Structures are given as C-alpha cells and as structure tokens.
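**Student:** following is a predicted model, sequence given first.
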Amino acid sequence: IKYDKELKIEMSLDPIVNGVTQFNKRTITFTTPDGTRYYFGGIDASESTRIRQGSAGVFNEFAQVSFYLFKIENVLGDIVNLNYTIDGYGTLRIIGYNQELVKDVNLDGVSNCSPSLTTNPSLSSPKPYYLETTGYLRLNTITSNIDSSKIEFESSSSTYTQIVGYILNSIKIYDYKNTLFKKIKLNYVSPAVVGSSSNIPTTASNLSYRRFFLDNIQVFQGSNTLTDEVYSFEYNNYNLLPKRFSYSQDYAGYYNGALSNTCYIPNVPSYIDAPLLTLANRNVSLSNHAQYGSLVKIIYPTKGYIQIEYESGNSNLVAFPLHTSTTTVYKKPGIRIKRISAYDNNGTINVTRYYYTVAANALSASSTDSEEQVRMPNFLGTLRVVGACVDGSYCYPYTIEKKVIYSKPQNTIYMSDFNRNNYRYVTVSYGGDNFENGGKQSEYFVQADIPVSPVENGVGYVTENKASNNSLKNGTLLNEIIFTAL
C-alpha cells in the first residue's frame, strides 16, 4: 500500500457569528508533519446544495458539499489566501428531467364508489430537476502576506453561449513588485447542436442547452499582446452533439444517436406494454456516439502533440432488460481511455496503453475485464395509491397498485459510485501495446452497496436508496506492482 506521510485532519463545528449559528459552514483543517496548515470551507469558501423538483418538491435538506481551500499557513506565519466571489443565493440550475410511464394493475377495495382502473398507461410530461445552491463560488485572487505578488482570475458571464453562469477567461500573474509577469488567456467555442425541438423537453428550449469547449490557451509574457505559446485542443465530433437534456441518450445518460426519441422512457414491453405510445430507444450506440465531444488531441507550442484514443467496455451485456434488439450482445455504456500517443515535433512516438485487467491477462485475446458492476441504473418500480370514497353514509378505503417505468437524473447523475461500473485492476503498458518499456499494475478497492427498493415520497421516486456505504471507498488505491516486461 502506498504511504506518503501523516496528516492531522480536524473539522470544526458550524461557526457562530453575532450570536447566530452559520449552518453548513464548517472548516476542515489539514496539518502536515512540518506544521503547515491547510484550511478548507468555512464562512467564505463553502457551498451547500440540495435537489429540488420544480419549486415544490424538496428531496433533501441543504448539505455542505464543497469545502474550498481558502488559506495556507506555515509555522513562520507566512500565509497564502485564496479569495472567492459568491454568485447569488438560492440559485437553481437544471441537472436533468424526470418522466414516468404509469399503468394501473390492481384495485384492492372495490365498492360502488371506488375508481376504475385505467386501461392504457399514461406518460407524464418531463419535469425539471434542479440543483439548488446557497451560492456558487468563483476563485477571484490568490494573495500572500509576504509581498505584493498575486494571481488574478478573470471570469465573465457566458450569455453568448447560452450557458447560465461564468466562464474563466484569463489568469494574470503578478510578481512581488505587483508588475504583470504573465497572462494566460482561455478561448472557447460553442458549436451548433443537432436534433429538432421535439428532441428535448419544451421547458429546456430557453435554458442552458448548449455546450462550450476549450479551444486554445494563449500564454503572454508580461504586457505583450502577441504570443507564439499556444496550446490547442481538438474533440471528437463536438459539432454533432444534440442539445443538453436531449432524449437521445442511453440508459447511463450518454449520447446514443437516437435523434428520433421524443421522450426519456425506455420501451420495456415485458413490464408495461404501451402499443399506443412511441417510447425511447435507450440502447447503447453501436457507432460510438458516446465518444462525441471527448478530447482527442492536444497540440503544444513546439508542434508536438498528444492523441487520446477511447474504447467502450466489454460488449457482453445480456442481463439488462431495456434492450429491445433481438441480438444478445451489446456494448457497455460510457467510454474509457485505451491509448495515449505522444509525438514530438520530429514525429517520434511514445505510446501508453491501458488494459482494464491484471497484467498476466493483458495481452490475452480472451482477456476478461476486471470491471465490476456496482449497480445498474433502475428504471422499473411500483406505486401504491391509497384513498377512500363515500357512498351514502359509509366510507370505503381502497388501494390502487401501479407499475411505473421512470427516468430521472438520479439514475445517471449522482454524487456517489452507486450507479457506476468500477475496475478493480488497471494495467498500464509503457512504450507501446506490448510493455516494451515495462508497465504498472494497480489494484483498487471495489465493493457494491446493498440496494433497497425505491421509495415514493409523494413527489416522485427517490431511486438511490442503499443500505451500506461501501462505495465511498471505491477507487481507493490498494497496491501497485511495477515491472520491466511481461
């Protein structure tokens, strides 16, 4: 197990200012063996969020989820301060949409006044899910008590890209005389999107549905306005992506090229048969649509460059019930790095290859990935509606049982490893695909949480229930083996 050094970690209570407790403003302090202290969170460097559905349903209370570094202090009293700007309070940003297909299946408590079961399933309109925050933070300056040197971060509202919020435009570095030493300028592009207006929820048409990509970085020395130091970036078909919140996504939330989809609900006739509705194709793309928008090339000022190649996981995925094709072999969702090739300005290449298995199996044609499925996204559920009706002088209770197919952000966007596939082993080959310059095998902690049934809270399903917290340690490095050749 890799060992670095001891750290003392402390967390404070919520501070009290003028007799009022400032909730979700705790400070975490790390102290190194030489006495240097790092401070995170606190009054001016914390963010708290919660999930909302519209202006009504609140799924959880505010929780302090971001602890930003705001001060570094050594034993001599030298201090580095990181200063932030707060952009608004109670800000709502859409993170996705919820939609349900519901069908009545049973009525318990039949009487003269009880409701009748509906014959056909009903499809709800998409409802936005919001991430509500107490205030988004932007790093503004980094200063010190030693001299006048500082770093400034300049951001601007990104209205030109139709993206709500701020984008970092430049970084300015000043020396101890407060003279501009270097300026780093970040330039972006916001490409057009594909797909019709029927391919996204109607409420998303005037919201932040476009994407932006970092196009290049320019580095200027001092106050110069011209530079040859430029870093450029290229992406895979970023101009062929649909709008954000598009219906064209597989069951893990990746783009799947299904631009004809007009809803999020997958077609699962074995669970709910809806012949009068056109439901969505949530299958994983066989044409690598999930790779669209991924970074594929970095070009350096020296004209050397790096190329990044991706791949999907193993193709054998027969257990998932949402695939409607007659074939039994499917790609797994998502992408992973397969190969990174570095070229210098003379065209000399250096290759780093990634295998997602143990080193002994890396070059085997029948090699099996070490990928372990922590949990599949869940789309299927049940619902019980309890009510009562009055007939004459009597009150008759009844219960309607319903089947539900639901799609919501928590199926694919969640702040844990609960819905992810994790690799226990990753082996790296240096110098080529065949360990020409040796390699490294890394083992990581992977353990699934214990799932429980979805809970209906009156507003919608809270689908991410679990009875353990094993996944909090997923991805922890356990050991590394370095070798010269296989």
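**Tutor:** Perfect, thanks for sending it.
**Student:** check which element follows the lowest-mean-pLDDT helix or strand in the chain along the chain.
**Tutor:** Sorting the helices and strands of the chain by mean pLDDT, DSSP states H and E puts strand 461-462 at the bottom, at a mean of 48. Using DSSP states H and E, the helix or strand that follows strand 461-462 in sequence is strand 477-483.
**Student:** who touches that next one?
**Tutor:** 1-2, 359, 435, 438-445 (C-beta atoms under 8 Å, 6 or more residues apart in numbering). For the C-beta atoms, the positions are set from N, CA and C on the backbone; glycine is no exception.
**Student:** tell me which of those residues is nearest to residue 470?
**Tutor:** residue 445 (8.8 Å; C-beta to C-beta).
**Student:** and the residue nearest to that closest one when sequence neighbours are not counted, how many neighbours does it have?
**Tutor:** Leaving aside its chain neighbours, residue 445 sits nearest to residue 476 (4.2 Å; criterion: C-beta to C-beta, 6 or more residues apart in numbering). As a burial measure, residue 476 scores 11 neighbours (other C-beta atoms under 10 Å).
**Student:** any idea how far residue 128 is from residue 476?
**Tutor:** For residue 476, the distance to residue 128 equals 35 Å [C-beta to C-beta, to the nearest Å].
**Student:** state the mean pLDDT of the helix or strand that contains residue 182.
**Tutor:** Using DSSP H and E, residue 182 sits in strand 180-189. Here strand 180-189 scores 96 as its mean pLDDT.
**Student:** next, the buried residues of that strand.
**Tutor:** Of the residues in strand 180-189, 181-186, 188 count as buried by neighbour count, 16 or more other C-beta atoms under 10 Å.
**Student:** from the chain's centroid, how far away is the helix or strand that it is followed by?
**Tutor:** Where DSSP H and E defines the elements, the next helix or strand beyond strand 180-189 is strand 213-221. Relative to the mean C-alpha coordinate of its chain, strand 213-221 is positioned 25 Å out (C-alpha atoms, centre = their mean, to the nearest Å).
**Student:** so what strands line up beside strand 213-221?
**Tutor:** For strand 213-221, the paired strands and their directions (DSSP bridges) are strand 180-189 (antiparallel), strand 230-235 (antiparallel).
**Student:** what's in contact with the last one?
**Tutor:** This means strand 230-235. With C-beta under 8 Å, 6+ apart as the criterion, strand 230-235 contacts 213-219, 293-301.
**Student:** residue 370: which of these is nearest?
**Tutor:** Nearest member of those to residue 370, counting by C-beta to C-beta, is residue 294, at 22.6 Å.
**Student:** any idea how many residues pack against that closest one?
**Tutor:** Based on other C-beta under 10 Å, the number of other residues close to residue 294 is 16.
**Student:** same question, residue 424
**Tutor:** 19.
**Student:** among the contacts of strand 230-235, which ones are buried?
**Tutor:** Here, 16+ other C-beta under 10 Å leaves 213-214, 217-219, 293-294, 296, 298-300 buried among those.
**Student:** how about the residues you listed in a markdown table, adding pLDDT?
**Tutor:** Shown next, in a markdown table, are the buried ones among the contacts of strand 230-235 (pLDDT from 0 to 100):
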| residue | pLDDT |
| --- | --- |
| 213 | 93 |
| 214 | 95 |
| 217 | 98 |
| 218 | 98 |
| 219 | 98 |
| 293 | 95 |
| 294 | 96 |
| 296 | 98 |
| 298 | 98 |
| 299 | 97 |
| 300 | 96 |
